[in-house]
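S.K.: Below is the sequence, then the predicted model.
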Amino acid sequence: MDLPLDELDRTRAGRCPAAGAEVLSLDIRSKRYPARDRDGAAGHAVFENFRLTLPAGGVHAIVGPSGCGKTTLLNIVAGLDRAYQGSVRLPGAAGREPVLGYVFQTPRLLPWRTVAENLSLVLHGVPDREERVARWLREVGLDGQGGVYPSRLSGGMSRRVALARAFAVEPDLLLMDEPFVSLDEPTARHLRQLLTRILQAHPTTVLFVTHDLREAITLADRILFLSRPPTRLLLDLPIPLTAAERADEARVEALWSALRRDHAATLEGGT
Ligand SMILES: Nc1ncnc2c1ncn2[C@@H]1O[C@H](COP(=O)(O)OP(=O)(O)OP(=O)(O)O)[C@@H](O)[C@H]1O
C-alpha cells in the first residue's frame, strides 16, 4: 500500500478512468425545508436552480458556510432525501447500476455486529465476500480486528471501518461528509494519509464535504465553494498540487493563506 510519492503522482494522474465521462449530473430546481417558525409558512429555500456535474476521477471538495446545504446535497445525491424538485443522474459504469459509497459524519456502525459483519452486510451477493472483507480490513490497518465489536474501537478505528465499508463496495462515486470531524488532529492527519494511499491504490471519484480548508487543500483536486442559502456555486477552484506538495504542511499552509487573502468574501459564503 505504501507507494513512493512520485509513484503516487503517476497514479493520481490515472484517476480519470474515462476522460470526459460524468459520474454525476445534479440539477436541484428547488429544495426547501419547512419553516422554523409559524411566520415562515413557505419554509426556507436551501437550493434554487443549483447545478453540479462531476467528471469521473479525482476528489471534489465542497466547502461552504454552516447551513448552506452540504449534507443536504450529499443526501439528495445518495437518494436519502427525495423531497426536492429536480434530478440526479448517476450514469454508472459499463451500463450497470451506479454504485455509491457514503462515509457519514459519524461511523454509523451496527453495534450488535462485529467489524467484519459490518463490512460483510454491504457486500450481500458479492461472490468473494469474505476475501473482500479481509482485504479491506488489511487496507485500513485493521487486520485481525474483524471479530471485534464497535464498542471496543477507538474513534479513529471506527472511522477506518467506515472507510473500509465505503470502499469495499467499489463505488462509482464515493460521498464523504466531514469524515474526520471531531477527531484529534494527529488521528485526523493519519486518516487523511490513509485515505490518500487508498485513493492512489483504488482510484475513485469522491465528493467530499469539509469545513476545513486545509483538509480540502490536502485531499482535493478541486474545491467547490458554496454561498449562503439559497445556495449557489461561488468558485470552482482546481488544486494542482503534487502528492509531495500535499504531504508538505508548509506548502498546504502557504496555499491556505493565499486563498484566505485572495478569496476572503468567498470563504465567508459570499457577500
Ligand atoms: N430536517 C430539517 N428540517 C428543517 N430544516 C432543516 C432540516 N435539515 C436541515 N435543515 C436546514 O437546512 C439547511 C441546510 O442544512 P445542512 O445540514 O444540509 O447544511 P450544512 O451545510 O451541511 O451545515 P453544517 O456545515 O452546519 O453541517 C440548514 O439551515 C438547516 O438548519
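M.R.: Structure received. Numbers count the residues shown, from 1 in each chain.
S.K.: and the stretch 1-150 of the chain, which of its residues are near the ligand?
M.R.: 33-34, 46, 64, 66-72 (Cβ under 6 Å from any ligand atom). Heads up, the C-betas are built off the backbone N, CA and C, glycines and all.
S.K.: In terms of model confidence, name the weakest of these.
M.R.: Taken together, these show their lowest pLDDT at residue 34, with 84.
S.K.: That one touches residue 45, doesn't it?
M.R.: No - using Cβ atoms under 8 Å as the test, residue 34 is too far from residue 45 to be in contact (11.7 Å).
S.K.: And these two? Which one has more around it.
M.R.: Counting neighbours by other Cβ atoms under 10 Å for residue 34 and for residue 45 shows that residue 45 has the greater number, 14 against 10.
S.K.: isn't there a helix covering residue 45?
M.R.: No - according to DSSP: H, G, I helix; E, B strand; the rest coil, the state of residue 45 is strand, so it is not within a helix.
S.K.: For it, which residues are in contact?
M.R.: 30-32, 229-230 (Cβ atoms under 8 Å, 6 or more residues apart in numbering).
S.K.: for residue 75, same thing?
M.R.: Residue 75 neighbours (Cβ under 8 Å, 6+ apart): residue 81.
S.K.: Can you name the element that comes right after the host helix or strand of it?
M.R.: Per DSSP states H and E: residue 75 is located in helix 70-78. With elements assigned by DSSP H and E, the helix or strand that comes after helix 70-78 is strand 85-89.
S.K.: show me where the chain has strands.
M.R.: 22-33, 44-55, 59-63, 85-89, 100-103, 173-177, 205-209, 222-226, 233-238 (DSSP state E).
S.K.: what's the closest of those to residue 146?
M.R.: strand 100-103 (19.3 Å; Cβ to Cβ).
S.K.: partners of that closest one, with directions?
M.R.: strand 173-177 (parallel) (DSSP bridges).
S.K.: close to the ligand, is the strand it pairs with?
M.R.: No - using Cβ under 6 Å from any ligand atom, strand 173-177 stays clear of the ligand, coming no nearer than 7.5 Å.
S.K.: Can I get that strand in PDB, CA atoms only?
M.R.: C-alpha atoms of strand 173-177 as PDB (Å, rounded to 0.1, in the frame of the first residue of the first chain):
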ATOM      1  CA  LEU A 173     -18.900   7.700  -6.600                       C
ATOM      2  CA  LEU A 174     -17.900   8.000  -3.000                       C
ATOM      3  CA  LEU A 175     -19.700  10.600  -0.800                       C
ATOM      4  CA  MET A 176     -17.900  11.700   2.300                       C
ATOM      5  CA  ASP A 177     -19.500  14.100   4.800                       C
END
